[in-house]
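Chemist: attaching a predicted model along with its sequence, questions to come.
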Amino acid sequence: MSDTTAWLVVWPVAVPLIGAALAIALWTRPQAQSAIGMIAIALQFVSGLALLAHVWANGPVAMAMGGWPAPFGIAFAADTLGAGLTVVASAVAMGILVYGLGDTDVEHRRAGVIPLLLALMMGVAGAFLTADVFNLYVWFEVTLISSFGLMVLGGRREQLDGAVKYAFLNLLATTLLLIAIALLYGMTGTLSMADLSGKVAALPADAPIETVALLFLVALGMKAALFPLHFWLPAAYHTPLPTVSAIFAALLTKIGVYSLMRVFMIVFPDTADIAREAMIWTAVATMIVGALGALAETDIRRVISFTVVSGVGVMIGGLAIGTELALLGTTFYVIHSIVVSAALFMAAGMVARAGGGTRIADLAGLYKGAPFLAVAFLISGLSLAGVPPLAGFWPKVYLVQAGLAAGEYAIVAGVLVSGFLTLMLMGRVFAIVFWRAAPEDAPQTGSDGGMVLKGALGAMAALTFLIGIYSAPVAELSGRAAAELLAPDAYIEAVLAGPPQTAATTPGTPEVQP
Amino acid sequence: MNSLILRTATPLLSGLMLLFSIYVLLRGHNEPGGGFIGGLIGASAFAIYAIAEGLAAARRAIVVPPITIAGTGLLLAALSGVASILFGDAFLTGQWWFPSFAPDMKYASTVVLFDVGVYLVVVGAIAGIAFALEERE
């Protein structure tokens, strides 16, 4: 069969879809759902790995849904960036799911954690692998709908409050995205990113391409939590279950960042200078505002939410510089950030268990009762700040190098200052929460959640440590992704070449055979 | 709701609606109609039954929980897309079968299975919502 490669691109999306359907069909049986969830995410990881291996060996691959070739049908395509992020996302999702099995109780699972989580993972993989801007919007909607469901699980008052802000601002962002896509479609008559690449470049000089590019920046920037549209994230991410916070922080902003990379590198590679200029300054502002916001917070989960925002600034900074080294740094940082955001929110959930709350001022001396948690938190926090030899160090080195080479000193300064502030605040949180001697009457439950939670957190912390020690493979992967983004010919060719085999009969008009 | 007219008419009406919903579903293959609109009509049949006869009777009538119907439908739709792997085509490619022993049927296809999946998703989801709303009152 010549088109098994085409199926490789589909499985990371189809597997969680089938898993979610099975889990919904078995709604009343939480045990079976948990098993389905684990198997589906594990299979998604395996299929992602197979896809990445294929892309690594043969270059970008594409497939056309239902055999309708691009630019008319909807195409899926994978290059190193899309396939690599799918692998990392599903690997981290596996860890988060294990954490969730220890963290959620049967009531949550009866309310549909597993189907929602699988739907979210389907949306994330879909966003990473689609080659069609309107289809990208659809995957944003899929992740949005499932994240609403996840966010209100538990139904506490502050959760609903956070969910309303989250829902409203994200719906606004998707609406803006839809308007931007409509304008782009009106100008070019196509939605396929590969086709858009050539058609946007060929537009007359007076076409309002800058406006559309800025609209994309605003819409996707809101998704990615870029300053000044970042405020929904710290307003919402500290309210849901720790499992849900972990997967949101790990993946949701990253699909915004990924989409900005994809859209600005393939659709607007040489146009849109104003948007690029705006990107530089919003990136720097995001880094600094995120770090300063984290310094001012008193709730450990809100602190981590703000550091997620700061990290988004670093990633977009690399995209704004736009050289190969900078894109390498951005890709590396996305991978690092997926792992470390999940680890920190997992740790925060366990801190809440061990210390009976998330207010930093109320927490003290947790090191005594939960040394494992303390070490894992410290590793993740230092990795986030960019302390060598942990994973967060390398992308910042690449970004600073790239910034200096390109003369973008504002971004260099932003990366360094935000890294310093992050180190300071992670040190402060660690010192207060884990080291400070606990007062006599402190409410210590002593339990940090048992082996399942520890195992999941330990795996994430170990991953960020290992990526730091063995950074060469990740750097090579990121380098390949960056090179492909700068020279997307192979990607465009793969999409526009259509399916590997030509369908014998045209779908939809079957001939009646004798 | 305690209305003699509604309670008398409902068994006949909801049965007809269910039958009509399947007709609309199958008609949608080549003409206006389809799984979504058929599913809405089917779900209305259960909703009207719940209003007239009470929630417990409606839940007995639908036999399995609505959410299970929706999940099964989603599974069917997904598998109808995956089925094309057996024929060496891309995901979601319609597969057509022309049985020689039943010339009047003309053909069968995975496209119909997809539509049946949509029908079940809509019936399950909408009936589930209608039941939940009825429960509140």
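Modeler: Okay, I see it. Worth saying up front: this structure is predicted, and the values here are computed from it rather than measured.

Chemist: alpha carbons only for contacts and neighbour counts from here, please
Modeler: Noted.

Chemist: avg pLDDT for the lengthiest helix in chain B?
Modeler: Criterion DSSP state H: the longest helix present in chain B is helix B:110-136. Throughout helix B:110-136, pLDDT has a mean value of 90.

Chemist: flag every buried residue along stretch B:81-94.
Modeler: Going by neighbour count (16 or more other CA atoms under 10 Å in any protein chain shown), the buried part of stretch B:81-94 is B:81-85, B:88-94.

Chemist: ok, now which ones touch the residue of chain B found nearest chain A?
Modeler: Here chain B gets closest to chain A at one residue, B:T93, 3.6 Å apart by CA to the nearest CA. When contacts are counted by CA atoms under 8 Å, 6 or more residues apart in numbering or on different chains, B:T93 touches A:65-67, A:507, B:81, B:84.

Chemist: before we move on, back to that, buried set for the longest helix of chain B?
Modeler: In helix B:110-136, counting by 16+ other CA under 10 Å, buried: B:110-131.

Chemist: intersect those with the contacts of chain A.
Modeler: Among the buried residues of helix B:110-136, no residue sits close to chain A (CA under 8 Å from any CA of the partner chain).

Chemist: still on that earlier bit, okay, the residue of chain B closest to chain A: pLDDT?
Modeler: The model's pLDDT for B:T93 equals 82.

Chemist: sec struct for it, please.
Modeler: coil (DSSP: H, G, I helix; E, B strand; the rest coil).

Chemist: quick check on it: phi, psi?
Modeler: phi -70, psi 130 (degrees, to the nearest 10).

Chemist: got a list of what the nearest residue to A:A406 once chain neighbours are set aside touches?
Modeler: Excluding the flanking residues, the one nearest A:A406 by CA to CA, 6 or more residues apart in numbering or on different chains is A:I321, at 7.1 Å. Contacts for A:I321 (CA under 8 Å, 6+ apart) come out as A:280, A:327, A:402-403, A:406, A:408.

Chemist: which one of these sits closest to chain B?
Modeler: A:L327 (32.1 Å).

Chemist: and that closest one, how many residues sit next to it?
Modeler: 31 (other CA atoms under 10 Å in any protein chain shown).

Chemist: next one: it, what pLDDT does it get?
Modeler: Listed pLDDT for A:L327 reads 93.

Chemist: so how far is A:L319 from it?
Modeler: 6 Å (CA to CA, to the nearest Å).

Chemist: repeat for A:M287
Modeler: If you go by CA to CA, the gap between A:M287 and A:L319 works out to 14 Å.

Chemist: between the two, which is the more surrounded one?
Modeler: Taking other CA under 10 Å, A:M287 and A:L319 do not tie; A:M287 has more neighbours (34 against 29).

Chemist: need the contact list for that one.
Modeler: So A:M287 contacts A:309-314, A:414-415, A:418 (CA under 8 Å, 6+ apart).

Chemist: can you tell me the SS state at whatever residue of the stretch 151-300 of chain A ends up closest to chain B?
Modeler: Scanning the stretch 151-300 of chain A for the residue nearest chain B gives A:G155, at 17.0 Å (criterion: CA to the nearest CA). Going by three-state DSSP, the secondary structure assigned to A:G155 is coil.

Chemist: A:A32: neighbour count?
Modeler: Neighbour number of A:A32 under other CA under 10 Å is 13.

Chemist: chain A: strands as residue ranges?
Modeler: Counting by DSSP state E, one finds strands in chain A at the ranges A:61-64, A:75-78.

Chemist: buried ones in the last one, by neighbour count?
Modeler: By neighbour count, with 16+ other CA under 10 Å as the criterion, the buried positions of strand A:75-78 are A:75-78.

Chemist: before we move on, what about stretch A:217-237?
Modeler: Buried residues in stretch A:217-237 (16+ other CA under 10 Å): A:217-227, A:229-237.

Chemist: try stretch A:185-193
Modeler: Under 16+ other CA under 10 Å, the buried positions of stretch A:185-193 are A:185, A:187-188, A:190-193.

Chemist: in helices, which of those residues fall?
Modeler: A:185, A:187-188, A:193.

Chemist: closest to A:A53 out of those?
Modeler: Nearest to A:A53 among those, counting by CA to CA, is A:M193 at 23.5 Å.

Chemist: ok, the closest one touching A:V133?
Modeler: Yes. Using CA atoms under 8 Å, A:M193 makes contact with A:V133 at a distance of 6.2 Å.

Chemist: any chance of the strands of chain A in TSV with mean pLDDT and distance to A:I179 as columns?
Modeler: TSV is the format used below for these (pLDDT from 0 to 100; distance: least, CA to CA, whole Å):
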stretch	mean pLDDT	distance to A:I179
strand A:61-64	86	25
strand A:75-78	90	21
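
Chemist: how many residues are close by the residue in chain A that chain B sits nearest to?
Modeler: For chain A, the residue closest to chain B is A:G66, as judged by CA to the nearest CA, at 3.6 Å. A:G66: 21 surrounding residues under other CA under 10 Å.
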